[in-house]
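Participant: I would like to see how this sequence folds:
(chains A and B)
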There are 2 protein chains.
Amino acid sequence: MTSDEARSRLQALGLDEAAVEVLHAHFEDAERRGKGGHGYSRVGWLETLGFDPSARPARVVAEPGFERWDGAGALGYLLLEEIVRGTLEAPPERSKVVVAERCFPTGVLGYWVRRVAEGGLVAALTATSPRRLPHPRGGPPLTGTNPLAIAIPSSDGPPLVADVSMGAITHGDVLEGRAAAEDLVPFGGPQAHKAFALAVGIEMLVGALAGPEPGAVLVVARPEHDPVPGLRALAGGRRLPGG
Amino acid sequence: MTSDEARSRLQALGLDEAAVEVLHAHFEDAERRGKGGHGYSRVGWLETLGFDPSARPARVVAEPGFERWDGAGALGYLLLEEIVRGTLEAPPERSKVVVAERCFPTGVLGYWVRRVAEGGLVAALTATSPRRLPHPRGGPPLTGTNPLAIAIPSSDGPPLVADVSMGAITHGDVLEGRAAAEDLVPFGGPQAHKAFALAVGIEMLVGALAGPEPGAVLVVARPEHDPVPGLRALAGGRRLPGG
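Facilitator: Model prediction:
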């Protein structure tokens, strides 16, 4: 699918121009970073999803160090875009915890935290999604792939962005036929219990704060130090996450 | 080492009675949960550490949704104890981010978040430690083992506690001769780049907020939902983290 075709098909879904641009920018970034499973291929998937293109997220609690948002039937991409823009327009004095209820799909979490870090703030974002990972010993799916993304501004260039899903493969790999659904297990082979524990912890953290439907939790804070250049020097050319 | 011997040797280090009880309770809990590497064996290690037994942590910023603490030469255990007690005595209205500078050693992170969750709050805690994990492709150590612990209260019994280090083995395994230092690499074998990315993200998150010495970051929030009983039922007897 070309960029232009993706845009036209998003318009045909009934989304307004601003929403089309939000989704298109996310998909384009995913393509550019080699994450095709979160790129234009998702347009076809959205066409099968059945959603209200006029729904808009609502901020239901706004306090200095805490916000709660409700997707209210809008696509998760649009909710995360609102949260990122709001955070950049009015950065917290010290820190902020943001809970996003009914936030699905969330796309590439690194995309959202990178933008927050480009604005000079530290950000950590995690999100749940439909249950797809079973216990390492088998049984029904118990958790989503539950990625955790962390981004840190750096004085020597772009932010450092770590964005890790707890699955051995992505759901996009399954959607695109590159892997079988039964390969979607916690990563780590003989140590899969560690990735599973992280997936469970995130599932319950987001569940306790945002409720039973997929949601997201973002923590934002002002950095007091600039550790990334030192780490990049120490790594001596070895690839660091998101680099 | 017996419980009584551990207590006497802690007293002999010059710690006052209250501090001895804090450390002893932590080590005893670690022993009881089969984490001997964080238990009484650490008393001998503390004897080699060289620290000021009279140093006490200080809270340097206290706002409704944010706190900053400085270990100020005190053992990290004592700083985390202060943070846990303060959080339970005055729980945040919505959420709180707590940054702990110069916080080392931190022991078993699950121990601290479990207590916060027993008090009815959701807690996520992460901490850095001396650099011990190299890049999956080799080279010098770039990050600590950088555990992440998440605890969630549950209406059906004890909290769910996930506590995961990014190392394939623990530093305690090395200290106690059960493993070689070169086995202390990011977990996950062929997918070690994922655990490494998490270790790097945490290293930079804590570094940006707490500074170059090992530190910790805690996020606490009031739960709005009770997802643990449903997960426990779905898991059907399979072991969940911290269970």
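Participant: Can you check which helix is longest in chain A?
Facilitator: Counting by DSSP state H, the longest helix found in chain A is helix A:192-210.
Participant: Show me how chain A divides into domains.
Facilitator: Chain A resolves into domains spanning A:1-54, A:55-235 when parsed by automatic domain parsing.
Participant: now these as JSON lines including mean pLDDT, mean neighbour count and distance to chain B?
Facilitator: In short, each C-beta sits where N, CA and C put it, glycine included. What follows is these, written out as JSON lines (pLDDT from 0 to 100; neighbours: other C-beta atoms under 10 Å in any protein chain shown; distance: least, C-beta to the nearest C-beta, whole Å):
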{"stretch": "domain A:1-54", "mean pLDDT": "96", "mean neighbour count": "16", "distance to chain B": "14"}
{"stretch": "domain A:55-235", "mean pLDDT": "97", "mean neighbour count": "21", "distance to chain B": "2"}
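Participant: would you turn these into JSON lines with distance to B:E17?
Facilitator: Shown next, in JSON lines, are those (distance: least, C-beta to C-beta, whole Å):
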{"stretch": "domain A:1-54", "distance to B:E17": "56"}
{"stretch": "domain A:55-235", "distance to B:E17": "35"}
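Participant: now the helices for chain A?
Facilitator: Using DSSP H, helices in chain A cover A:3-12, A:17-32, A:41-49, A:76-89, A:109-118, A:171-175, A:192-210, A:228-235.
Participant: Let me know the angle separating the third one from helix A:3-12.
Facilitator: Taking axes from the mean of the first three to the mean of the last three C-alpha atoms, to 10 degrees, one finds helix A:41-49 and helix A:3-12 inclined to each other by 20 degrees.
Participant: Contacts for helix A:41-49, please.
Facilitator: Contacts to helix A:41-49, defined as C-beta atoms under 8 Å, 6 or more residues apart in numbering or on different chains, come from residues A:1, A:6, A:9-10, A:13, A:23, A:27, A:75, A:105, A:107, A:172, A:175-176.
Participant: now do 6 Å
Facilitator: Helix A:41-49 has contacts (C-beta atoms under 6 Å, 6 or more residues apart in numbering or on different chains) with A:6, A:9.
Participant: re earlier: nearest to B:H225, of the helices of chain A?
Facilitator: Closest approach to B:H225 among the helices of chain A is made by helix A:192-210 (5.4 Å; C-beta to C-beta).
Participant: what does the closest one contact?
Facilitator: Contacts of helix A:192-210 (C-beta under 6 Å, 6+ apart): A:99, A:101, A:126, A:128, A:133, A:136, A:143, A:146, A:166, A:186-188, A:215, A:217, B:122, B:150, B:152, B:160, B:162, B:164, B:187, B:221, B:223, B:225, B:227-228, B:241.
Participant: how far does that helix sit from the chain's center?
Facilitator: Centre-to-centre, helix A:192-210 and its host chain are 15 Å apart (C-alpha atoms, centre = their mean, to the nearest Å).
Participant: circling back to that earlier point, Serialize the helices of chain A to JSON lines and add fields for distance to B:S95.
Facilitator: Listed next are those as JSON lines, based on distance: least, C-beta to C-beta, whole Å:
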{"stretch": "helix A:3-12", "distance to B:S95": "35"}
{"stretch": "helix A:17-32", "distance to B:S95": "27"}
{"stretch": "helix A:41-49", "distance to B:S95": "31"}
{"stretch": "helix A:76-89", "distance to B:S95": "15"}
{"stretch": "helix A:109-118", "distance to B:S95": "17"}
{"stretch": "helix A:171-175", "distance to B:S95": "30"}
{"stretch": "helix A:192-210", "distance to B:S95": "9"}
{"stretch": "helix A:228-235", "distance to B:S95": "26"}
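Participant: Out of those, which is closest to B:R32?
Facilitator: Of the helices of chain A, nearest to B:R32 by C-beta to C-beta is helix A:192-210, at 19.2 Å.
Participant: CA atoms only for the closest one - export them in CSV, please.
Facilitator: Only the C-alpha atoms of helix A:192-210 are listed here, as CSV (Å, rounded to 0.1, in the frame of the first residue of the first chain):
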residue,chain,number,x,y,z
ALA,A,192,10.1,-16.9,29.4
HIS,A,193,8.8,-16.8,33.0
LYS,A,194,10.5,-13.4,33.3
ALA,A,195,8.8,-11.8,30.3
PHE,A,196,5.6,-13.4,31.4
ALA,A,197,5.9,-11.9,34.9
LEU,A,198,6.4,-8.4,33.3
ALA,A,199,3.4,-9.0,31.0
VAL,A,200,1.3,-9.9,34.1
GLY,A,201,2.5,-7.0,36.1
ILE,A,202,1.7,-4.6,33.3
GLU,A,203,-1.7,-6.3,32.7
MET,A,204,-2.7,-5.8,36.3
LEU,A,205,-1.2,-2.3,36.7
VAL,A,206,-3.1,-1.0,33.7
GLY,A,207,-6.2,-3.0,34.6
ALA,A,208,-6.2,-1.7,38.2
LEU,A,209,-6.0,1.9,37.0
ALA,A,210,-7.8,1.9,33.6
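Participant: rewinding a little: among the contacts of helix A:192-210, which are in strands?
Facilitator: A:99, A:101, A:126, A:133, A:143, A:217, B:122, B:150, B:152, B:160, B:162, B:164, B:221 (DSSP state E).
Participant: now A:G172, nearest residue through space, not along the chain?
Facilitator: Nearest residue to A:G172 in three dimensions, chain neighbours excluded: A:G37, at 1.9 Å (C-beta to C-beta, 6 or more residues apart in numbering or on different chains).
Participant: Grab the most central residue of chain A for me.
Facilitator: A:L109 (2.2 Å; C-alpha atoms, centre = their mean).
Participant: show me the contacts for that one.
Facilitator: A:125, A:147, A:149, A:163.
Participant: Closest one of those to B:L80?
Facilitator: Closest approach to B:L80 among the contacts of A:L109 (C-beta to C-beta): A:L125, at 24.9 Å.
Participant: what's near enough to touch the closest one?
Facilitator: A:109, A:112-113, A:149, A:218.
Participant: What of A:L121?
Facilitator: If you count contacts by C-beta under 6 Å, 6+ apart, then A:L121 has A:91, A:220 around it.
Participant: Ok, the one 3 residues further on next?
Facilitator: The neighbours of A:A124, taking C-beta under 6 Å, 6+ apart as the test, are A:150, A:219.
Participant: Beta-bridge partners for it, please?
Facilitator: Beta bridges link A:A124 to A:I150, A:V219 when assigned by DSSP bridges.
Participant: if I look at it, how far off is A:K96?
Facilitator: To A:K96, A:A124 is 11 Å away according to C-beta to C-beta, to the nearest Å.
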